[in-house]
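K.L.:
Have a look; sequence and predicted model below, questions after that.
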Amino acid sequence: MKGQVFAITLVVVSGVATFIMFITTMHSLDRTRNSFYNDYNFSDVFVNLKRAPESLKEKIKEVPGVNQVETRVSAYVKLDISGFAEPVTGHIVSVPDDGKPLLNRLYIRKGRLPDPSKDNEVVINETFAHAHGFNLSDQFAAVINGKWKKLTITGIALSPEFVLVMRPYAMSPDFKRYGILWMSRKAISKAYNMDGAFNDIALTLYPGAKVSDVLRELDNIVERYGGYGAYARKDQISHRLLNEEFNMLRNMSKIFPTIFICVAAFLLNVVMSRTINTQREQVAALKAFGYDNVAIGIHYAQLVVLIILAGLVFGIIAGIWLGKTLGGIYMAVYRFPALVFVLKPWVIISAIIISIISALIGTLHSLWRAAKQPPAEAMRPEPPAKYQITLLEKMGIGRALSQPTRIIARNIERKPIRTFLSILGIAVACATMISSGFFKDSVDYMVNVQFVLSQKEDMAVGFVEPTSYKALYELQEMEGVHHAETFRTVPVKFRFGRSSYKTVINGIEQDSRLHPLLDANLKPVALPQEGIILNDYLGKILGVKAGDMLTVETLEGSKAIRQVQVVALVKLYLGVMGYMDVNALNRLMKEGDAISGIYLTADSQYQEKLYRSFVNMPRVSGTIVRKNEIRNFYDVQAKGMLFFTFIATLMACSICIGVVYNNARIALAERSRELSSLRVLGYTRGEISYILLGELAFIALAAIPLGFLIGNALCAYIAAMLQSDLFRVPMVIELKTFSLAAAVVLVSASVSGMIVRHKLDHLDLVEVLKTRE
Amino acid sequence: MTDQDKKMNNQGNIVFSVRDLAKIYKMGEVEVHALRGANMELFSKELIILLGPSGSGKSTLLNILGGLDTATSGFVSYRGRDLTAAAEAELTEYRRFHVGFVFQFYNLIPSLTALENVAVVTEIAKNPMKPEDALALVGLTERLDHFPAQLSGGEQQRVAIARAISKNPEVMLCDEPTGALDSQTGVVVLEALERVNRELGTATAIITHNVDIAAMADRVIHLSNGRIAEVTANKVRKSPHDIQW
């Protein structure tokens, strides 16, 4: 039983380890985040506006529910880093000159805050520093309000506001090309002529304050100062992405451990019923000596608990280790001062209770049988097993079967439930494999759709303010530029009924070559001459359907409020936005032919030169290079994805081996007598192996298509769970993922088969003749 | 005709020839001498009984004759073929085409009917009977489609005999075929064995520790302590019908 116990232990270890890993990681990140938020006073509400006098602060403080208010100056700047030719964007945020921000305080990892008397000192965020290998006193340049300025790093810091640093409306974080710079209020105010003024507010609320009321009130107050719309913490990008990640962890911690516990319970059931069968006589003898049912039941229950305990011990150790590893992987992307590792006793206790109870439930039937056998009956050997003609044979197909094949068919049919559960067990392992491959497949697909098929430009050049078409002609003239197209982006708030959503409208050229809008079937969507197209996810959030009139509040420029008809809802994988014909959008804005930026393709030889020119163009706010975006998406996603794939593969293999090997061993134990008899009658080793391995092969082969079905369903469930503002995971499973899953099943089946075959070759023919079954 | 004459007459018809056969089992650190230099023959068409108390070495002898076990030393030939030197695959082939086995616990395949249990052997034999005919020989024509679980012990043993004879073997080796049966059923089983020996001429060796059964044999080989103690010949074979125990 050694091998079988090991296989069960493996499954229990996997189940307990994943359960503890997911839950402790979630608890640890939650605790880490909460203490960082509390200790460093993360604000509840954020407002961006064009420019407002400092005196407005008092008015904001009077809004009911508002507790602390801090005004700031913030700006996006182009950075010029020597040795790094690509465009980099910096987000400058002011630090009060007394060095003590009230809200969103900095955790200084290294160095100090900038000296207010110097206008060239900055503190930078940690991921940005790591990405470029920056250290204290290192320097880089920035184009601040059109002026080139050399900046010196005085500190490296973390902020509750930027746990995850991500460029607004970007698809994924880019630590190399986007950084946060904290500068003294005095220095930045001077650069942007903001003395006695601000353009950014952070505030906290009193407990019980109604957030939506506060936001509405704030919007009213800042409207005349060019407010871009107040938003609550839940819409703050770093916080929102952390929440999404937590949700994913929570869901994962439900699915995977459940699968394992069920498989382990099933395996225990099979092994225990076999063990009890072979120990009938001992049980009878014990009962004849006067042991009662309870005592015998307890004896076997102890055996079950012992097996589970071994799994628990290793599972808990592995779970803690994996939890720390996963926590570490998160910490590389989500930056906190330190990971507070939380291992709540109830997590361990529930792991123990869930495992033991489900194992006992799994073996209850066998235990019950062991306990209730009358001693005299148990002492007698078991009568020959009852068999019957299989359905297949009744249908007339059986006549052609050889006797060995007939034996296989009847064995499979005799215990249909057990056969089905074995098939199901392996199918689940196969499905787990598929779900791990699915992550990569769907991300690859999304990247292909987003960055290859729908973004064909080499770079997107953004302007500081909406600009006239003249810019297009200028850029087209630059050396190396092949083709250029305009785009217009307008930050807006959509309203429909009681729902609202803040996002942007993308204005795209009609029949765009570089930036076609593709639907879920990858067909280009024709942009209507009038009206707006929304992606279906946004449609769902707002509750609109095609034909409805949508209210659009523009968050820049004229701040116009307009009605626009929803022409269609289109399924898109990334982002939550509206799409319009660029001219239609301009007509809606009533601003004439303005553009926000230009998509262009360029000769690869000239690309670096082009970046440099854009860095030096005051009107250009930044440049996004497509190939960098792709690389980044993978860089950030890859680690987590690889870890998850690794764990899922490991788990799938352990289930696979657990079920297949146990099946093989039990089949061997049950059939060794008849197989030996056949050997005695002159059957060769190969011929008897066919009977046993044929049965196992049937189970493994039947499990694969079922596994594909379950895998598909599991992936659909995961995809539905992972829907978020950032992306909707497409249901894409590549052929190679199916193949790999099938291969894992076949390999573990073959290895188990080989072990069993080895044992078949060493059957003791004489021994089996002496005893009755 | 004396015993010696019979032997001379049968010289060309020797099925088994056993010379100085020894078998030592290692049970942990203890060596068990199961056979200590046995010598014997089995002739064509002959029915012999191997008689002896348990531990006398009779099962070991039968297992070596049947190619299920190998000797530690000595020599066994089957129709002039050296079994002691045979490799595993050769022994399998030997069992497959030449030997019919009957065991104390029948060793039927529980998932197959009576007919199919016989077909298991006829499917791989060179010159088999029809399974129905083999079962008719042991009087089981009515029970062809019954599974072992639906048959009595005696019926199961007769299926085993039908299975053993269905390949038309040269020799039948039976290890305590009545050991698990009551005497009435035992007699029916012995009658089947006797009939096969008489009608088909299959050389038959039957192991028993039941002295009464010895009367149905041509010769009785007494084993004791791993050696052949005595060989006696019955002038007249008694019909199993007349044997009681």
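P.N.:
Perfect, I can see it now.
K.L.:
So A:Leu610 sits against A:Leu475, correct?
P.N.:
No - the criterion here is CB atoms under 8 Å, and A:Leu610 misses it with A:Leu475 at 9.1 Å. C-beta: built from backbone N, CA, C; applies to glycine.
K.L.:
who touches both of the two?
P.N.:
A:Val481 (CB atoms under 8 Å, 6 or more residues apart in numbering or on different chains).
K.L.:
pull the longest helix from the chain.
P.N.:
Defaulting to chain A. If each helix of chain A is counted by residues according to DSSP state H, the longest one is helix A:626-680.
K.L.:
not what I meant, chain B
P.N.:
Counting residues, the longest helix found in chain B (DSSP H) is helix B:183-200.
K.L.:
For the stretch 451-600 of chain A, which residues are neighbours of chain B?
P.N.:
Residues of the stretch 451-600 of chain A lying close to chain B (CB under 8 Å from any CB of the partner chain): none.
K.L.:
quick one: contacts for residue 84?
P.N.:
The chain I'm using is chain A. Counting by CB under 8 Å, 6+ apart, A:Phe84 touches A:His132, A:Lys176.
K.L.:
Wait, chain B was what I had in mind.
P.N.:
Neighbouring residues of B:Thr84 by CB under 8 Å, 6+ apart: B:Thr70, B:Ala71, B:Gly74, B:Phe75, B:Val76.
K.L.:
what kind of secondary structure is the fourth one in?
P.N.:
Read that as B:Phe75. Look at B:Phe75: counting by DSSP: H, G, I helix; E, B strand; the rest coil, its state is strand.
K.L.:
B:Ser183: neighbour count?
P.N.:
Look at B:Ser183: counted by other CB atoms under 10 Å in any protein chain shown, it has 12 neighbours.
K.L.:
before we move on, what about A:Arg240?
P.N.:
Using other CB under 10 Å, A:Arg240 has 17 neighbouring residues.
K.L.:
Can you check the pLDDT for it?
P.N.:
pLDDT recorded at A:Arg240 is 86.
K.L.:
which residue packs closest to it, ignoring adjacent ones?
P.N.:
In this structure, A:Arg240 finds its nearest non-sequential neighbour in A:Lys234, 6.5 Å apart by CB to CB, 6 or more residues apart in numbering or on different chains.
K.L.:
do the same with A:Ser402
P.N.:
Excluding the flanking residues, the one nearest A:Ser402 by CB to CB, 6+ apart is B:Glu123, at 6.2 Å.
K.L.:
any idea how far B:Ser17 is from the one you found?
P.N.:
To B:Ser17, B:Glu123 is 31 Å away according to CB to CB, to the nearest Å.
K.L.:
Buried residues of stretch A:144-161, list them for me.
P.N.:
Buried residues in stretch A:144-161, counted by 16 or more other CB atoms under 10 Å in any protein chain shown: A:Ile144, A:Asn145, A:Leu151, A:Ile153, A:Thr154, A:Gly155, A:Ile156, A:Ala157, A:Leu158, A:Ser159, A:Pro160, A:Glu161.
K.L.:
A:Phe266: which of the residues you listed is nearest?
P.N.:
Among the buried residues of stretch A:144-161, A:Pro160 lies closest to A:Phe266 (CB to CB), at 46.1 Å.
K.L.:
what sits against that closest one?
P.N.:
Per CB under 8 Å, 6+ apart, neighbours of A:Pro160: A:Phe36, A:Tyr37, A:Tyr40, A:Asn41, A:Phe42, A:Asn104, A:Arg105.
K.L.:
ok, now A:Gln4?
P.N.:
By CB under 8 Å, 6+ apart, the neighbours of A:Gln4 are A:Leu267, A:Val271, A:Tyr661, A:Asn662, A:Arg665, A:Ile666.
K.L.:
For the closest residue to the first one other than its chain neighbours, give me its contacts.
P.N.:
The reference is to A:Leu267. Of all residues beyond its chain neighbours, the one nearest A:Leu267 is A:Ile8 (4.8 Å), with distances taken as CB to CB, 6+ apart. A:Ile8 makes contact with A:Ala264, A:Leu267, A:Leu268, A:Val271, A:Ile307, A:Gly311, A:Gly658, A:Asn662 under the criterion CB under 8 Å, 6+ apart.
K.L.:
quick one: A:Arg177 and A:Ala85 touch, right?
P.N.:
No - in this structure, A:Arg177 is not within contact of A:Ala85 by CB under 8 Å, at 11.4 Å.
K.L.:
Which of the two has more residues huddled nearby?
P.N.:
It is A:Arg177, of A:Arg177 and A:Ala85, that has more neighbours when counted by other CB under 10 Å, with 25 against 14.
K.L.:
Hmm, A:Leu103 is touching A:Phe42, no?
P.N.:
Yes - between A:Leu103 and A:Phe42 there is a contact at 7.4 Å, judged by CB under 8 Å.
K.L.:
Could you list the low-confidence segments of the chain?
P.N.:
Since you didn't name a chain, this refers to chain A. For chain A, applying pLDDT under 70 flags the ranges A:1, A:169, A:171, A:370-371, A:378-384, A:398, A:557-558, A:636-639, A:726, A:770-773.
K.L.:
Oops, wrong one, chain B.
P.N.:
B:1-12.
K.L.:
Would you pull up the residue in chain A closest to chain B?
P.N.:
Closest residue of chain A to chain B, CB to the nearest CB: A:Gly682 (2.6 Å).
K.L.:
Can you tell me the closest non-neighbouring residue to that residue?
P.N.:
B:Arg96 (2.6 Å).
K.L.:
Would you mind naming what in chain B lies close to chain A?
P.N.:
Residues of chain B that fall close to chain A, judged by CB under 8 Å from any CB: B:59, B:63, B:66, B:68-69, B:89, B:92-97, B:99, B:101, B:103-105, B:107-112, B:116, B:119-121, B:123-124, B:147-149, B:163, B:175, B:180.
K.L.:
Is there a quick ChimeraX command that grabs whichever of those residues are buried?
P.N.:
To isolate the buried ones among the residues of chain B next to chain A in ChimeraX, judged by 16+ other CB under 10 Å, type:
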select /B:59,63,66,68,69,92,94,95,96,97,99,101,103,104,105,107,108,109,110,111,112,116,119,120,121,124,147,148,163,175,180
